[in-house]
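>>> My questions concern the predicted model and sequence given below.
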There are 2 protein chains.
Amino acid sequence: MVGEVLVVGDNVMGAGNQQESLDAEWVVGFVDGEGCFHVGINRQPKMSTNWQVLPEFRIVQHKDDEQILTKLQSFFGCGQVTVNNGDRKELRIRGLNNLSKIVNFFEHHPLKTKKQYSFEKFAKIASLMQQGKHLTKDGLVKIAKLALQMNRNKNVSASRILRDSTPDA
Amino acid sequence: MVGEVLVVGDNVMGAGNQQESLDAEWVVGFVDGEGCFHVGINRQPKMSTNWQVLPEFRIVQHKDDEQILTKLQSFFGCGQVTVNNGDRKELRIRGLNNLSKIVNFFEHHPLKTKKQYSFEKFAKIASLMQQGKHLTKDGLVKIAKLALQMNRNKNVSASRILRDSTPDA
């Protein structure tokens, strides 16, 4: 896993990477400014816990800078460039396999702003999900606690999950 | 001049640079996301042209990330970290001597987003000002034209200067 990620980090991706490649440190600086680690938690009665956890890494730019999103997509080797809102586009990376590449890259190339703190919570959530913990009540509570520590936004669903759960001893 | 800038770019600044130094490519990535090249043009009857030109480079962050502004200040070797608005802080770099360091750094480490285009106009304006052109009517008109091409914002003063000037032949 680590070997695979170092390849991504050094951007030696071979076929399909015909664009000018990005420097790993440039990517870290740009993501320190523009990247967002987000964990959505949505009501989903079909899930055993009634909640679906949707981690996502995204970078939003004005459509004039769509080219940089495409370069980042090539750099990471995953994700979709799509409309965000109005004249804004986003690179959106979902799915545990794709997100493991992102997590491993930033584990080897730490962010320098407070975003590093959100990233660490995000990485823990992704790890719990890879172990299937989001499908259990205890795991979901752990994830909700971590999600509440991310960013400066309130995570209403995470708050609700914690309120509804039995407090830890 | 170039030698001086390469020193800044490689961040071999010696005394006073006790913090962990920033990587030049990280700085480019972060500025691609968060930096702003701005040229203010203000009514100033004391000036021979009636207008004062105030170029400025700034980076705004939430106050939680003031440490990164201080690191950037050390990296560039100039600027002031001050309140921007509410809970936001900014690194603000003004003055032609300081801005020549910024211009030279980004000439050697190009931006990758559309901000490069604004930077190029900004660099031309700084160069014109170093030649004292902003103190002449013709020079001011050149600067106004360049300022209007920067960013996506309208520059009301620049528009007014062009409207009031005789069109070029």
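Structure's in. What do you need?
>>> Could you pull up the residues touching residue A:73?
Contact partners of residue A:73, counting by Cβ atoms under 8 Å, 6 or more residues apart in numbering or on different chains, are A:79, A:80, A:81, A:91. C-beta: built from backbone N, CA, C; applies to glycine.
>>> you'd agree the last one is in a strand?
Pointing back at residue A:91 there. Yes - with DSSP: H, G, I helix; E, B strand; the rest coil as the criterion, residue A:91 is part of a strand.
>>> For it, name its beta-bridge partners.
residue A:59, residue A:81 (DSSP bridges).
>>> so how far is chain B from it?
13 Å (Cβ to the nearest Cβ, to the nearest Å).
>>> Now do the same for that residue: its pLDDT.
We have a pLDDT of 98 for residue A:91.
>>> repeat for the first one
Residue A:79 is assigned a pLDDT of 98 by the prediction.
>>> does the most centrally placed residue in chain A sit in a helix, a strand or a coil?
Note on chain A: the residue nearest the mean C-alpha position is residue A:57, at 3.1 Å, using Cα atoms, centre = their mean. What three-state DSSP gives for residue A:57 is strand.
>>> Now for the closest residue to it other than its chain neighbours, how many residues are close by?
Distances taken as Cβ to Cβ, 6 or more residues apart in numbering or on different chains place residue A:93 nearest to residue A:57, at 4.5 Å, with adjacent residues excluded. By other Cβ atoms under 10 Å in any protein chain shown, 21 other residues sit near residue A:93.
>>> could you list every residue that touches residue A:93?
Contacts of residue A:93 by Cβ under 8 Å, 6+ apart are A:56, A:57, A:58, A:76, A:78, A:79, A:80, A:99, A:102.
>>> redo that, cut-off 10 Å
Residue A:93 is in contact with A:55-59, A:72-73, A:76-80, A:99, A:101-102, counting by Cβ atoms under 10 Å, 6 or more residues apart in numbering or on different chains.
>>> just residue A:37 next, same as before
Applying Cβ under 10 Å, 6+ apart, the residues near residue A:37 are A:31, A:55-58, A:99, A:102-103, A:106, A:111, A:115-123, A:125-126, A:150-151.
>>> Which element, helix or strand, includes residue A:53?
Assigned by DSSP states H and E, residue A:53 falls within strand A:51-62.
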